[in-house]
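**Q** Sequence and predicted structure below; questions after.
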Amino acid sequence: MVKVKIVSWHGVASWTWDAQDDACGICRQDFDGCCPDCKMPGDDCPLIWGTCNHAFHLHCILKWVHAQNPRAQCPMCRRPWDFRAS
Amino acid sequence: MPYDAARVQKELVEIERDKASGVGIEMKGDNLGHLVGVIKGPESSPYDGGTFKVDIEITPSYPFEPPKMRFITKVWHPNVSSQNGAICLDILKDQWSPALTLKTALLSVQALLSSPEPDDPQDAVVAKQYINEQETFRSTARYWTEAFAKVVNDDDKVTRLVEMGFGEGDVKAALAKCGGDENAALEQLCGGS
């Protein structure tokens, strides 16, 4: 029996958004990347879901919602866009 | 410069990869804001066999605003202006969605060629003819396709003129002198012999 003593260790973790799709339908960048205005993926450029279950970069869908008058539709399914409470 | 150059570049790569779709995009220099779309006329329509060019302007607000599309090639169609090529298509106006792309927009324009909407016309004269004189409409649309949308390359012109009995060298010289105009070259070949 060999005894092994652990002197030090590096923890490595990976993360991914659980979006059921690879890329944002608005900017076409990977969900695990960020929107065209951001540099760092992750909490700085979060995803957001609509009540229709379609996900986008928060920054991308906000631009679309603000550009639509009076009522924005989901870019994917055209249902009225409402943010889903997380 | 478009708002999202990375997205436009991605779209160009995708459309280039899918040659079978019947639509394509050509660059005009290195300006991503101004492109030329290419649409093959749909089969079993009067536009079959034609290649139609579409001027595409991408505004700084793209993809939050639709790309501006207009036919460069003349088209006889109820939803296309026979004067300036303006296209009447809902997804290029209030039904645009940022999830649509240049490719899906061009495919929609191609589908419009197959299925005119005479109740929402861009060209009232063409729409009236489409409703009242289907046969005349089809033959005019067919004629415009032949006259304006056929890409004829120089080899085809040379072959045709050589088949008429002229020498290949004379044919090439005549075509060069007439700037590639087949009929003018033929006249010159006939006049010179």
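**A** Alright, I've got the coordinates.
**Q** got the residues of chain A near chain B?
**A** Taking Cβ under 8 Å from any Cβ of the partner chain, the part of chain A that reaches chain B is made up of A:25-29, A:36, A:60, A:63-64, A:67, A:73, A:75-76, A:78. No exception for glycine: its C-beta is placed from N, CA and C like everyone else's.
**Q** right, and the pair among those with maximum separation?
**A** A:Pro36 and A:Arg78 (23.6 Å; Cβ to Cβ).
**Q** where do the helices sit along the chain?
**A** In the absence of a named chain, chain A is used. For chain A, the helices defined by DSSP state H occupy A:58-67.
**Q** look at chain B instead
**A** According to DSSP H, the helices that chain B contains are B:5-17, B:102-114, B:124-132, B:134-148, B:154-163, B:168-177, B:182-192.
**Q** Highest mean neighbour count out of the ones you listed?
**A** Most buried of the helices of chain B, by mean neighbour count (mean count of other Cβ atoms under 10 Å in any protein chain shown): helix B:102-114, with a mean of 19.
**Q** so what does that one touch, helix or strand wise?
**A** When contacts are defined as 3 or more Cβ pairs under 8 Å, 6 or more residues apart in numbering or on different chains; DSSP states H and E, helix B:102-114 sits against helix B:5-17, strand B:23-27, strand B:34-40, strand B:51-57, strand B:68-71.
**Q** Is there proximity between the second one and chain A?
**A** No - using Cβ under 8 Å from any Cβ, strand B:23-27 never reaches chain A; the gap is at least 15.4 Å.
**Q** Around the nearest residue to B:Ala141 once chain neighbours are set aside, how many other residues sit close by?
**A** With sequence-adjacent residues excluded and distances taken as Cβ to Cβ, 6 or more residues apart in numbering or on different chains, B:Ala141 is closest to B:Pro46, at 3.6 Å. Counted with other Cβ atoms under 10 Å in any protein chain shown, residues neighbouring B:Pro46 total 22.
**Q** who in chain B is up against chain A?
**A** So chain B meets chain A at B:3-4, B:6-7, B:10-11, B:61, B:63-65, B:97-99 (Cβ under 8 Å from any Cβ).
**Q** cutoff 10 Å now
**A** B:3-8, B:10-11, B:14, B:61, B:63-65, B:95-101 (Cβ under 10 Å from any Cβ of the partner chain).
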